[in-house]
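A.B. asks: Show me how the following folds:
(2 chains)
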Amino acid sequence: AQSVTQLDSQVPVFEEAPVELRCNYSSSVSVYLFWYVQYPNQGLQLLLKYLSGSTLVKGINGFEAEFNKSQTSFHLRKPSVHISDTAEYFCAVTEGANNLFFGTGTRLTVIP
Amino acid sequence: DAGVTQSPTHLIKTRGQQVTLRCSPKSGHDTVSWYQQALGQGPQFIFQYYEEEERQRGNFPDRFSGHQFPNYSSELNVNALLLGDSALYLCASSWSWSYEQYFGPGTRLTVT
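C.D. replies: Residues are numbered from 1 along each chain as shown, chains lettered A, B, ... in the order given. Below is the predicted model:
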């Protein structure tokens, strides 16, 4: 069965500092991985995705993530955060059946 | 090009009532998925519609039903509402061959 674990429910970070949001998944087969961002009172916006190929994927707003099959991880990183990055971030996985399994989310708060 | 739209934005219902939520997919998309996002949680997959049929279903009771119309728009119906049905309901659309889902802004349902 698929599952996603986001170990950090809240991550505070100072503006212009780097940040890493952690995501681990469990699956017995090959997976496709996603990071979504949710701003207050809004739907989900796709940040980036891993389907195949290079394990380092770049997304919008300067975010990137690295797929590590041996550690079953897909951590999200940004070298320098802005106030506007304050939001809820969700990691999601699918085995190809199109239904996404989401983690419980990480609230990123950027401190001025 | 309009993205995924949902209506209504907010809804308040009484326990035991029935509710219908609506979704119009992104132009060109033929597949619609519905998710329930409880407060402080990640979205949970309810079901997916393609070619006017339910293609996949998550772990939700039969009180949750749906429909897809020939123009690919979709409805989510919930009967015999419970207090625990209070949540943000998200619609996502995609091409049938793609793993990338585009989310709408959601409908906030409150059951009193």
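A.B. asks: before we move on, what SS does the residue in chain B that chain A sits nearest to have?
C.D. replies: With distances taken as C-beta to the nearest C-beta, chain B approaches chain A most closely at residue B:42, which sits 3.3 Å away. Where C-beta positions appear, they are placed from N, C-alpha and C, glycine not excepted. Three-state assignment for residue B:42 (DSSP: H, G, I helix; E, B strand; the rest coil): coil.
A.B. asks: which residue is nearest the middle of chain A?
C.D. replies: In chain A, the C-alpha nearest the mean C-alpha coordinate belongs to residue A:35, at 3.7 Å (C-alpha atoms, centre = their mean).
A.B. asks: so what's the residue of chain B closest to chain A up against?
C.D. replies: A:4, A:90, A:92, A:102-105 (C-beta atoms under 8 Å, 6 or more residues apart in numbering or on different chains).
A.B. asks: Farthest-apart pair in those, please.
C.D. replies: Within those, two members stand farthest from each other by C-beta to C-beta: A:92 and A:104, at 11.3 Å.
A.B. asks: quick one: which of those two has more around it?
C.D. replies: residue A:92 (27 against 15; other C-beta atoms under 10 Å in any protein chain shown).
A.B. asks: near chain B, which residues of chain A?
C.D. replies: Chain A comes close to chain B at residues A:4, A:32, A:34, A:36, A:42-46, A:49, A:51, A:90, A:92, A:94, A:96-105, as judged by C-beta under 8 Å from any C-beta of the partner chain.
A.B. asks: In ChimeraX, how would I select the buried members of those?
C.D. replies: Restricted to buried positions by 16 or more other C-beta atoms under 10 Å in any protein chain shown, the ChimeraX selection for the residues of chain A next to chain B reads:
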select /A:4,32,34,36,43,44,45,46,49,90,92,94,98,99,100,101,102,103,105
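A.B. asks: for the helix or strand hosting the residue nearest to the centre of chain A, the distance to its chain's centre please.
C.D. replies: Using DSSP states H and E, residue A:35 maps to strand A:32-38. Distance of strand A:32-38 from the chain centroid (C-alpha atoms, centre = their mean, to the nearest Å) equals 5 Å.
A.B. asks: Which residue does chain A have closest to chain B?
C.D. replies: For chain A, C-beta to the nearest C-beta, closest residue to chain B: residue A:102, 3.3 Å.
A.B. asks: which residue packs closest to that residue, ignoring adjacent ones?
C.D. replies: Using C-beta to C-beta, 6 or more residues apart in numbering or on different chains and skipping the chain neighbours, the partner closest in space to residue A:102 is residue B:42 (3.3 Å).
A.B. asks: Poorly predicted segments of chain A, please.
C.D. replies: A:1, A:97 (pLDDT under 70).
A.B. asks: would you list every one of the strands in it?
C.D. replies: A:3-5, A:10-14, A:19-21, A:24-26, A:32-38, A:44-50, A:56-58, A:64-68, A:73-78, A:87-94, A:101-102, A:106-111 (DSSP state E).
A.B. asks: Minimum distance to residue B:73: which of these has it?
C.D. replies: So among the strands of chain A, strand A:44-50 is nearest, using C-beta to C-beta, at 19.5 Å.
A.B. asks: Give the pairing partners of the closest one; include direction for each.
C.D. replies: Strand A:44-50 pairs in its sheet with strand A:32-38 (antiparallel), by DSSP bridges.
A.B. asks: Other residues contacting the strand it pairs with?
C.D. replies: So strand A:32-38 is contacted by A:21, A:23, A:25, A:44-51, A:59, A:61, A:63, A:65, A:67, A:74, A:76, A:87-96, A:100, A:102, A:105, B:99-100, B:103 (C-beta under 8 Å, 6+ apart).
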